[in-house]
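1. After the sequence you'll find the predicted model.
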Amino acid sequence: MTSSFLLLVGSFSPMISTLNFTLSPPSLTLVSQTPAGTSPTWLLGNPTNSSIFYATDETETGGLNSLIIDHVTGKVTPIASISTQGGSPTHIGMVGNGSTQLGVANYGGGSVFFTTLEDDHLHFANPQLVKFDSVQKSNAHQVVSNGAQVLVSDLGADRVWRLNGGASGQWSIQGAISRPSGSGPRHIVVDDSSLYTLHERANTLTQQTAVTPSSTGQPTEVASISIIPSDTPASATLYAGELLLAHTPSPVMYASNREDPSPAGDAIAVFELNPLTKVAEIRTGLQHLRGVALVGEDNAYLIAGGMKGGGIKVYERVSAAQGYLKEVASLPAGVVDQPSSFIWVPPQDVATGGTTQASTATASIPGVVPTSSVSRAHRRYKIGSW
C-alpha cells in the first residue's frame, strides 16, 4: 500500500493541475500547474502506461492532446495534438476492446471522433468522424465501450447511440436507445448487460437490461429514480452531473447534482444495485459540482470539485453504517480554477510485467515510470469497462 499518490485535475482554465494526496494523515496539496491548451476539461489515463494521459481541449474547434507526467516532480509535459473535427469535446473513452483507440464526444459538433494511437501511445493516427445528422439537435456527451460496440450518450437528442465497427475498423451507427423527451442523457454506465443512464435535465438515474454488444432493439427499463435530494425545494432547477460505479466491497453507484440552492451545497446520491435503490444523499458544500471520480487502490476514495465554489474535497469510501462517504481532505476554493475532472496516477508499485512499446517511448524521460499493465482494480472506474 502506497503512502501517497498523485492526482491530475482538468479544468475550464488553461491549466492541468497536479495534486498530491497523502493517505495518513490524509492531506491534499498542490504540486504543480501546467498550461495545456485552452480548456482541458476531461482527462483519461492510458491503461498500459501510467505516465501517459489524454486531455480534451473544449473549444469551438475542438482538440485532443496527449501528455506525460513526471512521477517524481508531478510536472506535466504536452506531447501531441489532433483536431476532434467538432466543437466542445466533453469526454474521452477507450474503445474497441483494447488500449489503442480513443473515442471523443463532440458536444457542440453533434458527433463522435475516433483516433488510433500509434505505437508510442502518444501520437494519433487514422482519424474518423461519425456525425449524428439524423436528428435536429445533437449534443454528444460521452463515449463508452461495450465490448465490440460503442455507446454514445446524446444529451440533446435524448438518445444513446449504438455504433459498431466493421471489418475495416471504421465505426458506423447501428441504431439508438431512445430516452424520454427532454430528459438529457448525460452519462452512462454499462455493467452486467445493464445500462444505467444519468439524465441531466430530468435528474433521474435509470436502469435498462439486456444491453449487449450484439443487441439492437430497445432494452427493457426496470427502474427510474430521482437523484434530487429530498430536502431540495421543488422549485429548484438542478442538473445531474457525474455517474460512477464501484464494484468493491459491494456494488454501489454515485450520482452527482449541480446548482442546488442549499447552503450545504450540491449533493451526491448513493445507490445500491440489485435492485437499484437510493440509499443516501450526501451534501458536499461544493457549488456546481462538476468533476467527481473514484481514485486510489481499489477505488478507496472519491474526489469531487466545485466549479463555482467550495474547492476540492476527498472522501474515503466507508460502510453504509458510517454513511458511505467520509470527508478526509480538502483544498480551498481558488487553488485550482474551475475543476472539471480528475484522474489518479497509479504509483509504480501497482504496475506489473515487462516493457511495452509505449513504456519504451517514455523510458528515457527523467521521472517517467514505464509500466506495462494496470489492473482493473487500480484503474479509474469511470464508465463501462476498458
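-> Ah, there it is.
2. a strand runs through residue 10, doesn't it?
-> Yes - judged by DSSP: H, G, I helix; E, B strand; the rest coil, residue 10 forms part of a strand.
3. Let me know the pLDDT of it.
-> Reading off the confidence values, residue 10 has pLDDT 98.
4. Kindly report the same for residue 215.
-> pLDDT, read off for residue 215, is 84.
5. Name the SS class of it, please.
-> Secondary structure state of residue 215, per three-state DSSP, is coil.
6. dump the residue contacts of it.
-> If you count contacts by Cβ atoms under 8 Å, 6 or more residues apart in numbering, residue 215 has none. For every residue, glycine as well, the C-beta is placed using N, CA and C.
7. and the gap between it and residue 336?
-> 41 Å (Cβ to Cβ, to the nearest Å).
8. Kindly report the same for residue 257.
-> For residue 257, the distance to residue 336 - Cβ to Cβ - is 21 Å.
9. between these two, who's got more neighbours?
-> residue 257 (27 against 23; other Cβ atoms under 10 Å).
10. right, and the more buried one touches residue 205 too?
-> No - using Cβ atoms under 8 Å as the test, residue 257 is too far from residue 205 to be in contact (11.1 Å).
11. Now do the shared contacts for these two.
-> 227, 240, 269.
12. helix/strand/coil for the second one?
-> The three-state label for residue 240, taken from three-state DSSP, comes out as strand.
13. and what of the last one?
-> Put simply, residue 269 is strand when judged by three-state DSSP.
14. Show the model's pLDDT score for the closest residue to it other than its chain neighbours.
-> Nearest residue to residue 269, sequence neighbours excluded (Cβ to Cβ, 6 or more residues apart in numbering): residue 227, at 4.2 Å. pLDDT for residue 227: 98.
15. Phi and psi next, for residue 227.
-> phi -100, psi 0 (degrees, to the nearest 10).
16. mind checking the end-to-end distance for stretch 21-31?
-> The straight-line separation of the ends of stretch 21-31 (Cα to Cα, to the nearest Å) is 10 Å.
17. So which bits of that stretch are buried?
-> Buried residues in stretch 21-31, counted by 16 or more other Cβ atoms under 10 Å: 21, 23, 26, 28.
18. Pull the most distant pair out of those residues.
-> For the buried residues of stretch 21-31, the farthest-apart pair by Cβ to Cβ is 23 and 28; their separation is 10.9 Å.
19. For stretch 176-191, what does the pLDDT average out to?
-> pLDDT averaged over stretch 176-191 gives 97.
20. Mind listing what's buried along it?
-> For stretch 176-191, a neighbour-count test (16+ other Cβ under 10 Å) marks 176-177, 179, 183-191 as buried.
21. Closest one of those residues to residue 139?
-> Using Cβ to Cβ, residue 184 is the member of the buried residues of stretch 176-191 that sits closest to residue 139, with 8.3 Å.
22. which residues touch that closest one?
-> 155-156, 158, 199-202.
23. Filter those down to the ones in helices?
-> Among these, no member is found in helices (DSSP state H).
24. Nearest to residue 249 among those residues?
-> residue 199 (28.4 Å).
25. Tell me how many other residues crowd the closest one.
-> Applying other Cβ under 10 Å, I find that residue 199 has 25 neighbouring residues.
26. cool, residue 335 as well?
-> As a burial measure, residue 335 scores 17 neighbours (other Cβ under 10 Å).
27. could you say which helix or strand contains it?
-> Assigned by DSSP states H and E, residue 335 falls within no helix or strand.
28. So in the protein, where's the weakest helix or strand by average pLDDT?
-> Using mean pLDDT, DSSP states H and E, strand 373-374 stands out as the lowest-scoring helix or strand of the chain, at a mean of 38.
29. Among the buried residues of stretch 176-191, which pair sits farthest apart?
-> The span of these, defined through Cβ to Cβ, is set by 184 and 191 at 21.4 Å.
30. low-scoring pLDDT stretches of the stretch 101-250 of the chain, where are they?
-> Across the stretch 101-250 of the chain, residues meeting the criterion (pLDDT under 70) sit at 166-168.
31. doesn't residue 253 make contact with residue 277?
-> No - contact criterion Cβ under 8 Å: residue 277 and residue 253 do not qualify, at 10.1 Å.
32. So for those two, which residue has more residues nearby?
-> Comparing residue 277 with residue 253 by other Cβ under 10 Å, the one with more neighbours is residue 253, at 23 against 11.
33. In space, what's closest to that one - neighbours in sequence excluded?
-> Per Cβ to Cβ, 6+ apart, closest to residue 253 is residue 271, 4.2 Å.
34. Show me the beta-bridge partners of residue 341.
-> Using DSSP bridges, the bridge partners assigned to residue 341 are residue 10.
35. Tell me how far it lies from residue 22.
-> With Cβ to Cβ as the criterion, residue 341 and residue 22 are 22 Å apart.
36. in the stretch 201-350 of the chain, which spans are helices?
-> Under the criterion DSSP state H, counting those that start in this stretch, the stretch 201-350 of the chain carries no helices.
37. Strands of that one, residue ranges please.
-> When assigned using DSSP state E, counting those that start in this stretch, the strands of the stretch 201-350 of the chain occupy the ranges 204-209, 220-226, 239-246, 252-258, 267-272, 277-283, 287-295, 301-309, 312-317, 325-331, 339-345.
38. quick one, what contacts the nearest residue to residue 284 once chain neighbours are set aside?
-> Counting by Cβ to Cβ, 6+ apart, residue 284 lies nearest to residue 265, which is 5.0 Å off, once chain neighbours are set aside. Listed by Cβ under 8 Å, 6+ apart, the contact partners of residue 265 are 283-287, 289, 306, 310.
39. and which of the residues you listed is nearest residue 128?
-> Using Cβ to Cβ, residue 289 comes nearest to residue 128 of these, at 33.7 Å.
40. thought the closest one was touching residue 262?
-> No - with contact defined as Cβ under 8 Å, residue 289 does not count as touching residue 262 (11.7 Å).
41. who has more neighbours, these two?
-> Neighbour totals were compared for residue 289 and residue 262, and residue 289 leads with 28 against 15 (other Cβ under 10 Å).
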